[in-house]
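**Q** build me a model from this:
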Amino acid sequence: MYIINLEEKTIDLSYKWEEKQANRLPEGYWLETSIHVSNPTRWVMQKMNYPVNPSNVLENGNRNMRVLSDEGMRYTGYEGRFDLITKDAPLVSLGRRTLLKIDNQLPNLNDGIFVNLFNNVWGTNFAAWYEGDITYHVRFKWETNEIMS
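**A** The predicted structure follows:
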């Protein structure tokens, strides 16, 4: 379900699954969004309530997946400001959907921001035998510059 509020300039998404069966096989569920902007290196994410630019990561650092704080991610540029807030599913993969690929490639966020709703590959972060009902909420918020209106 989604709700678009043009006055508040928000899109609220709710994804709900019911009666999920437990599964011993590796699985992952994703929400993909692609917000094409003029300069994708201007995205800043909040990690442990500290701003981090995903385009400025040391070699051999984590360039693929991050856990976001409650403030989520923000783009500020020529077009205006865009916020992605995902409190229920804070793990995101940047530029491509991946759980286990680790390399030194810097992500291009115009290729997508992938919110990991659930996976049972990472046993330390997710239950291996999850079953039942769950709902995820994601919010997009934007403000456009006058020149773009």
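**Q** now tell me what touches the one helix or strand in the chain whose mean pLDDT sits lowest from outside.
**A** Between all helices and strands in the chain, the lowest mean by mean pLDDT, DSSP states H and E belongs to strand 65-67, at a mean of 88. With C-beta atoms under 8 Å, 6 or more residues apart in numbering as the test, strand 65-67 has contacts from Met45, Lys47, Val52, Pro54, Pro90, Leu91, Val92, Ser93, Leu94, Thr98, Leu99, Asn116. In short, each C-beta sits where N, CA and C put it, glycine included.
**Q** can we see that at 6 Å?
**A** Lys47, Pro90, Leu91, Val92, Ser93 (C-beta atoms under 6 Å, 6 or more residues apart in numbering).
**Q** for the helix or strand following that strand, which helices and strands make contact with it?
**A** Proceeding N to C from strand 65-67, the next assigned helix or strand is strand 73-77, under DSSP states H and E. With contacts taken as 3 or more C-beta pairs under 6 Å, 6 or more residues apart in numbering; DSSP states H and E, strand 73-77 sits against strand 43-47, strand 80-85.
**Q** could these be laid out in a markdown table, adding mean pLDDT and distance to Glu7?
**A** A markdown table is the format used below for the helices and strands packed on strand 73-77 (pLDDT from 0 to 100; distance: least, C-beta to C-beta, whole Å):
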| stretch | mean pLDDT | distance to Glu7 |
| --- | --- | --- |
| strand 43-47 | 94 | 26 |
| strand 80-85 | 96 | 16 |
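**Q** quick one on the thing from earlier: buried sites along the least confident helix or strand of the chain?
**A** Residues of strand 65-67 classed as buried: Met65, Arg66 (neighbour count, 16 or more other C-beta atoms under 10 Å).
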